[in-house]
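Asks: fold the following and give me the result.
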Amino acid sequence: MFLYRIISAGNRQHTLLWSLLPVPLDFTGLSALFNRVISCFASLIDNFLGKKKIIWGLFLLVALNPGLTEARVHGGLVLMFDDGYANWLTAVAPELARVGGVATAYVTLNNIRSEKLTYEDLRNLQNHYGWEIGTHTNHHFNPQEFVKRKGLSAWTSQELVSAIRELRTQGLKIDNLSFPFDATTPEVQAAVVQHLESFRRPEPLALGSAVREDGSIPGTEISLANYVPLGLIKKWIDLAHNQDRLLFLYGHQVLPDADFVTGTVEAASPHTLTATEDIKAPPGADLYLVPDTSKRSLGGPIRVVGVAGKQIQVGRGDLRHLTKPGATFMIGPGYGLRWSDFRALVDYAAPRVKFYTVHQVVRGQWYKN
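Replies: Residues are numbered from 1 along each chain as shown. Take a look at the predicted model:
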């Protein structure tokens, strides 16, 4: 004789039919034991099936919504660095590589001659880290002033073509340019596009998706002299992500936080900022002031002419309109960007946008990713 037992799964919506269990009814105790064992196994199996349903449901949810497991990456960030410094290779490139990032390095031959970096450094950036190397001209002269004095032909041959030739001779692929001091004219730009893919044009908010018809790509500077708060940069990254566009940012050096000094404003007069405590000036003579680190610097760089005790003297602007008591100020190298800010920028960007070089943008390669 066989016992047929239907075991319900509590409040769950399914039941399990257990059948063909050869349990003699004459042995009441043994039958009860079997019933208990069957109930135990039924409960275990029921729990397993319940979890299996949950796991299967999660699998379908993830498969249909990949954004749940990782942030969807849209748009891009094009980072550019000017002049030429050894820590591009020793610090900046490894930091970007940590998140799969790349950049474009515009180098002037002046910095190679002065041994601020070497051709081997540039080849390592290009061949090992995937950076693009561009030209920042031969001697870093102001193009506008040079052309006024010596003419366009002289600038083209002595500053543009000579730099391209020298860099290419060293095994570097040179396709793009940034102008020293961002100084340019339409005739200089026309000369550049005869030899290269693009040149950079400064803009307050450099968002785009391709090289412009005149051969330019935009760029917004984020060095201390043209300070942009980290919070605002993050909003720009979100904008590039949400609109599936490219954000173009450029600087020069990424420096240790110890090269910058912050403090609290006690008072401000037209050319003097008074802090709440004595100020220990950071090393270096080329110092600039950010009167209020919560605001973007839009009125042009503010050079520091002296630091004594609690006071910072500047040579231009009216500080009364740029800061207030209680605000946080910062002084440091004008062409520098704090390491902590750079790392925070990279970490914020990595899960939201992809990093590209200028050459990839000009060739339209960013659309393929």
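
Asks: now do residue 357 against residue 364, distance only.
Replies: Residue 357 sits 13 Å away from residue 364, taking Cβ to Cβ, to the nearest Å as the criterion. From N, CA and C alone the C-beta is placed, and that goes for glycine too.

Asks: so which of those two has more stuff around it?
Replies: residue 357 (25 against 11; other Cβ atoms under 10 Å).

Asks: ranges for the strands of the stretch 151-300 of the chain?
Replies: Using DSSP state E, counting those that start in this stretch, the strands found in the stretch 151-300 of the chain span residues 176-177, 198-202, 207-208, 216-221, 246-251, 253-255, 261-269, 272-275, 287-290.

Asks: the longest one pairs with which strands, and in what direction?
Replies: Spelled out, that is strand 261-269. Neighbouring strands of strand 261-269 in its sheet, by DSSP bridges, are strand 272-275 (antiparallel), strand 328-333 (antiparallel).

Asks: surely residue 78 meets residue 245?
Replies: No. Counting by Cβ atoms under 8 Å, residue 78 stays clear of residue 245, with 10.7 Å between them.

Asks: more neighbours: the two, which one.
Replies: Shown here are residue 78 and residue 245; by other Cβ under 10 Å, residue 78 has more neighbours (28 against 16).

Asks: so what pairs up with that one in the strands?
Replies: Beta-bridge partners, per DSSP bridges, of residue 78: residue 248, residue 356.

Asks: 6 is where my numbering starts, stick with that
Replies: Right, with 6 as the first residue, what we last looked at is residue 83.

Asks: return the residues in contact with it.
Replies: 109, 222, 251, 252, 253, 254, 360, 361, 362, 363, 366 (Cβ atoms under 8 Å, 6 or more residues apart in numbering).

Asks: which stretches of the stretch 156-305 of the chain have low pLDDT?
Replies: In the predicted model, the stretch 156-305 of the chain carries no residue with pLDDT under 70.

Asks: how much space between residue 300 and residue 256?
Replies: Applying Cβ to Cβ to residue 300 and residue 256 gives a distance of 19 Å.

Asks: between the two, who's got more neighbours?
Replies: residue 256 (25 against 15).

Asks: state the distance from that one to residue 343.
Replies: 11 Å.

Asks: and if you look at residue 127?
Replies: Taking Cβ to Cβ, one finds residue 127 at 25 Å from residue 343.

Asks: likewise residue 296?
Replies: Residue 296 is 17 Å from residue 343, by Cβ to Cβ.

Asks: ok, the two, which is more surrounded?
Replies: residue 296 (26 against 21).

Asks: so that one is in contact with residue 307, correct?
Replies: Yes. Applying Cβ under 8 Å, one finds residue 296 in contact with residue 307, separated by 7.0 Å.

Asks: identify the contacts common to those two.
Replies: Common neighbours of residue 296 and residue 307 (Cβ under 8 Å, 6+ apart) are residue 327.

Asks: before we move on, back to that, can I get the strands paired with strand 266-274 in a markdown table including distance to residue 88 and mean neighbour count?
Replies: Below are the strands paired with strand 266-274 laid out as a markdown table (distance: least, Cβ to Cβ, whole Å; neighbours: other Cβ atoms under 10 Å):
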| stretch | distance to residue 88 | mean neighbour count |
| --- | --- | --- |
| strand 277-280 | 28 | 20 |
| strand 333-338 | 12 | 22 |
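
Asks: out of these, flag the one nearest residue 152.
Replies: Closest to residue 152 of the strands paired with strand 266-274 is strand 333-338 (Cβ to Cβ; 29.3 Å).

Asks: can you pull out the low-pLDDT segments for the stretch 6-155 of the chain?
Replies: 6-76.

Asks: ok, residue 267 - contacts?
Replies: Neighbours of residue 267 in contact, by Cβ under 8 Å, 6+ apart: 298, 333, 334, 335.

Asks: so what's the residue count around the first one?
Replies: In this case it means residue 298. 17.

Asks: what does it show for phi and psi?
Replies: phi -70, psi -10 (degrees, to the nearest 10).

Asks: look up how far residue 270 lies from the residue nearest to it when sequence neighbours are not counted.
Replies: Counting by Cβ to Cβ, 6 or more residues apart in numbering, residue 298 lies nearest to residue 333, which is 4.7 Å off, once chain neighbours are set aside. Separation of residue 333 from residue 270 (Cβ to Cβ) stands at 8 Å.
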